[in-house]
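**Q** Quick one, fold the following:
(2 chains)
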Amino acid sequence: MTTATTPPRPATGAVGTSHIRLEGRDKVTGAARYAADFPADGLAHGWIVVSTVARGRIRSVADTPVLAMPGVLAVLHHGNAPRLKEDFSGTFGPDATTQILQHDRVPHAGWPVALVVAETPEQAREAAESLTVTYATEPHDVDFRPGHPAAYTPEARPVRPAAAEKGDVEAELAASDVVVDARYTTAEEHHNPMEPHAALAHWDGGRLDVVDTTQGAHATAQDLARLFGLDPAAVRLRSEHVGGGFGCKAQVRAHLVLAVMAATLLARPVRVALTRAQTFTLIGHRSATAQRVRLGAGADGRLRALEHTALSATSTVQEFVETSAAYGRSLYDARGHRTVDSVVPLDIPTPTYMRAPGEAPGSFALECALDELAERCGIDPIVLRGRNEPAVGPVSGLPFAGRRLLDCFAEGARRFGWDGRDPRPGVRRDGRWLVGTGTAAATFFAGAFPATASATAHPDGTFTVRIAAADIGTGARTALTQLAAEALEVTPGRVRLLIADSDFGAAWVAGGSMGTRSWGWAVTLAARDLRERLALGGGVPADGLTVRSDTTQAVGALAARERHSYGAQFAEVAVDPGTGEIRVRRMLGVFAAGRIVNPLTARSQLTGGMIWGLSMALHEEAVRDTASGTLVNADLAGYHIAAHADVPAVEADWLDDPDPEDPVGIKGIGEIGAVGSAAAIANAVWHATGVRHRNLPIRPDRVLTAERDRAGHR
Amino acid sequence: MREFHYRRPARVSDALALLGTDPGARPLAGGTNLVDLMKTGVERPALLVDLRDLPLDRIEATPDGGLRIGATATNSDLAAHPDVRRRYPALAQAVLAGASGQVRIMATVGGNLLQRTRCGYFTAPATTTACNKRAPGSGCAAIAGEHRNHAVLGATEHCVAVHPSDMAVALTAFDATVTYETADGTGELPLAGLYRPVGGTPHLETALPTGALITGVVLPPAPVAAASRYRKVRERASYAFAIGSLAAALDVRDGTVRDVRLAFGAVASHPWRARRAERALTGGPADATAFAAAADAELAAARPLPHNGHKLPLLRTLAVAVLTELAQEAAR
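**A** Take a look at the predicted model:
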């Protein structure tokens, strides 16, 4: 890291000021090109054929008649496809989902079994739909349920251990005045970014040139090189604009593998794009979860025992664990503290990271259980959180690098009008509606990964900054421009920021709420270094002056701390117990999430996360048919996300959250909005109706059934 | 994508001729359902006969005080029509409760009546083989599978799908008649008779003669309809098919029900006219007890599946709530 050689100058006003997205005009006018929009001379089109059975072996692929169809150039299948590196391990570890057309095994319905390539997409599609594939089917099991005999707790996990324990949970539960023991479930969810995955691949002068839709151009290029056994320098991958990611565009996916295979075999450019239906089986999803929370506390609400166990499903192809139980490890302390994630392999597509992986379902269960504890203790839920504020990381023992959770609650309570809330459930009526309010905490890990950037000064007084960042709709391009301008001490208009090209060097993906934090660090270092060199005088040579940064050492030098963002979520809901309808009337989130670079896009990120939680609480659910192993609602008519009419007044704001020890100060805001918001809504539904809904989504039929059950018990 | 031919005739007779020449021909109106079904492979037409240029898009009052609605009038035009809003408000509300603004601008009245069920097994031929509606004799995957939103009335062991229309529920309550043309001439059917009972032939959905083209819908005069309402319950606030819905009209004088119309949606393979409930109410008191008893009388015939029993209390709630509102408004 460089040291400042000039005294601090007045800031440019770039950081902390609202800026509209730099590419906004291109996007709304259609000028912005996404992966499927790029033209190429001699372009051929691939159409993926997926398995219709849930488990078995491919017996035959009748490619001969299809090859005779108009325009058809090739039919790739496991019998003729190029071989890939078998034990491939990429940015996120081993990933056998990349082994496309490498074997005759069908691990789930919707698995790619062939690619038909033709001169036009219409010809490719017609031929693909005509291709007869026969299978030797085997009995399948897609039935996710608690207590599944095949469930296990993974032994080693690269990111988070599956189990963490301290003290004696059973003894503490036995010694507790109040015990909550509750089970929660969440539904299988799908990312459904607006832009379905697509890739265009071609060989250009000995280099593989790829346009993909990815959350990390450099990481995907590296992974692709490894998978195909290529020199990493021989792969260039770009993704200038990405229409949403949410975690499903961080890995090498089938469309990309198949586009590269076909471009290699045919020696011409090939595009492969997914249909919306294919995005329900080829890009990962969030597993359903079944969770149990046991809390033991004194009569004053102070926790003695916290146990959170969670089960999720994975595929038989690759283990992926939705780490729901890990959520409470840094948030709440108890002498007996046990958190365990387990997983069961089923004949379903492999799940993956999805916005707030682990935290979204985990916070639903634990934050609802705390609400139940508050009810049982007769304590306000915010007071309960205050009584359980730890001094150091409950499991790690590390000091916190800032923790303004209670400040978030205090500010949120003031704005929401929480004070004086009648804690009794089921007593507020507004016509046919029962009305209630709820709250929940939120936290998300604030990590950083190394990145490289370059900054170039031009003789005309402008600058170009290059980094293999990705803007998946978050506003990262704009935020990084602001950061570069601040470090260069110029106005943002003089900075040209280029992103999403693997040739720009190593950089972390847009994921884990670490994109802007990690990239911003590298951009700031390069820009600051450049400014200091320019300050030495000597002018700018005609071809510019370029400096590079690499944050590997700086990130490694970061002191070990509990580093997180925090938030307090509030919701008001109305429930018609006679029809089961639920309407969220307003939501408020107050966050402490480090330094906010661009308030305009930050607010959009945070409210978007809160709406994501609303959608999880009330709408989203992939319904799997156990007989066929397929989804019965694999489209956006059947798979509901919140419509505009479901989204009420949603407000998000933040507190100052400085960390003098942290050289970048940005914490990342992509995910925390989605944490705790579903719990706040579920807690509000209880406050409205007096019924605890522990299964998401809280559908009208669940409300109606609960009302019927309650009437039956009267 | 399978190649298909496309024609856009300007006259009904030309459209009928085109439809008659090719058993693979399908009429295309707004395309808001047919095109989706073509994408998923449920429909593989050889010829699309686009009806947009036919002179069938008018909405006009009839001399007797009813309404004639052309088959290619769009949903949005129907919902916005002053006569519809004034004389049949439940119909306007029903149309506006369906789909989204963009879809309603494209969708047409005739197409709405003939749209297909959204049963997830029917719409997914690539992965579901058992669907008697798509492949007669193949079975019904929904009965042992996912059927939370399927039929509670009038279904059989051959099919439990529901008709998805909101518009048709209101039209059914108001005794609409469907007019059609064939190469042999014109004809008409009461809307209630347009949809065939499921029985053992769920793939035979309507009683229209082969090759017939719906030309319009006629609403008879119905003074009771001026005090009418449509309410729809769904899993989100907009842009979703109903879990249950109700079109209701009520004429109350001095606390006594003079005339009443009730039709349920999302409960059967067709809009469900609740005649039993209407009979129970007519001439009796207009109070919550009577409304609940009438709903119960209608729903006594219901045969819910394991996962859709919630529809019964929902429909009861809707009937009581909507009729109570209408009675209160009449008393003002």
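**Q** which residues sit in contact with the residue of the stretch 601-714 of chain A found nearest chain B?
**A** Ranked by CB to the nearest CB, the top residue of the stretch 601-714 of chain A for proximity to chain B is A:Val632, at 3.2 Å. All C-beta spots, glycine's among them, are computed from the backbone N, C-alpha and C. A:Val632 makes contact with A:623-625, A:638, B:120-121, B:124, B:128, B:145-146 under the criterion CB atoms under 8 Å, 6 or more residues apart in numbering or on different chains.
**Q** Below-threshold pLDDT in chain B: ranges please.
**A** B:1 (pLDDT under 70).
**Q** Quick check: the residue of the stretch 601-714 of chain A closest to chain B vs B:Ala141, distance?
**A** Distance, A:Val632 to B:Ala141, using CB to CB, to the nearest Å: 8 Å.
**Q** ok so, going back, name the nearest residue to the residue of the stretch 601-714 of chain A closest to chain B, sequence neighbours excluded.
**A** In space, and not counting its chain neighbours, A:Val632 is closest to B:Gly120: 3.2 Å by CB to CB, 6 or more residues apart in numbering or on different chains.
**Q** With A:Phe445 instead?
**A** Nearest non-adjacent residue to A:Phe445, counting by CB to CB, 6+ apart: A:His564, 5.8 Å away.
**Q** What helix or strand is the spatially most central residue of chain B located in?
**A** For chain B, the residue nearest the mean C-alpha position is B:Ala168 (2.8 Å; CA atoms, centre = their mean). Per DSSP states H and E: B:Ala168 is located in helix B:167-173.
**Q** moving C-terminal of that helix, what's the next helix or strand?
**A** By DSSP H and E, the next helix or strand past helix B:167-173 is strand B:177-182.
**Q** Tell me if I'm right that the residue nearest to A:Phe445 and A:Ala446 touch.
**A** Yes - contact criterion CB atoms under 8 Å: A:His564 and A:Ala446 qualify, at 5.5 Å.
**Q** In terms of secondary structure, what does the top helix by length along chain B contact?
**A** As assigned by DSSP state H, the longest helix anywhere in chain B is helix B:311-331. Applying 3 or more CB pairs under 8 Å, 6 or more residues apart in numbering or on different chains; DSSP states H and E, we find helix B:311-331 packed against helix A:700-713, strand B:228-233, strand B:244-253, strand B:256-265, helix B:288-299.
**Q** before we move on, the earlier item: how far off centre is the helix holding B:Ala168?
**A** 6 Å (CA atoms, centre = their mean, to the nearest Å).
**Q** just checking, what packs against it?
**A** For helix B:167-173, the packing partners by 3+ CB pairs under 8 Å, 6+ apart are helix B:89-96, helix B:109-114, helix B:191-194, strand B:228-233, strand B:244-253, strand B:256-265, strand B:272-273.
**Q** and the angle from the first one to strand B:256-265?
**A** Yep, that's helix B:89-96 we're talking about. Between helix B:89-96 and strand B:256-265, the angle comes out at 20 degrees (axes from the mean of the first three to the mean of the last three CA atoms, to 10 degrees).
**Q** Helix B:89-96 to strand B:244-253, inter-axis angle?
**A** Using the same axes, to 10 degrees: helix B:89-96 against strand B:244-253 is 170 degrees.
**Q** Just the CA coordinates for helix B:89-96, please, in CSV.
**A** The C-alpha trace of helix B:89-96 is given here as CSV (Å, rounded to 0.1, in the frame of the first residue of the first chain):
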residue,chain,number,x,y,z
PRO,B,89,-69.8,-3.6,-12.9
ALA,B,90,-68.8,-7.1,-11.8
LEU,B,91,-67.8,-7.8,-15.4
ALA,B,92,-65.5,-4.8,-15.6
GLN,B,93,-64.0,-5.8,-12.2
ALA,B,94,-63.5,-9.4,-13.2
VAL,B,95,-61.7,-8.4,-16.4
LEU,B,96,-59.4,-6.0,-14.5
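**Q** So what touches that helix?
**A** Under CB under 8 Å, 6+ apart, the answer for helix B:89-96 is B:75-76, B:78-81, B:84-85, B:104, B:166-167, B:169-171, B:173-174, B:219, B:225-226, B:228-232, B:245, B:247-249.
**Q** Can you list phi and psi of the residue nearest to A:Phe445 for me?
**A** Reported as degrees, to the nearest 10, the phi and psi values for A:His564 are phi -150, psi 160.
**Q** Around chain A, which positions in the stretch 201-332 of chain B sit nearby?
**A** B:233-240, B:243, B:307-310, B:313-314, B:317-318, B:321 (CB under 8 Å from any CB of the partner chain).
**Q** Pull out the buried members of those residues.
**A** Among these, those scoring as buried are B:233-237, B:239-240, B:243, B:308-310, B:313-314, B:317-318, B:321 (criterion: 16 or more other CB atoms under 10 Å in any protein chain shown).
**Q** Quick check: the two most widely separated of those?
**A** B:Tyr239 and B:Gly309 (25.7 Å; CB to CB).
**Q** Who are the contact partners of A:Ala74?
**A** A:67, A:115-117, A:262, A:265-266 are the contacts of A:Ala74 under CB under 8 Å, 6+ apart.
**Q** do the same with A:Ser18
**A** A:Ser18 touches A:598-600, counting by CB under 8 Å, 6+ apart.
**Q** Give me the number of neighbouring residues for the residue of the stretch 301-450 of chain A found nearest chain B.
**A** Nearest to chain B in the stretch 301-450 of chain A, going by CB to the nearest CB, is A:Arg432, at a distance of 6.7 Å. Using other CB atoms under 10 Å in any protein chain shown, the number of residues around A:Arg432 comes to 15.
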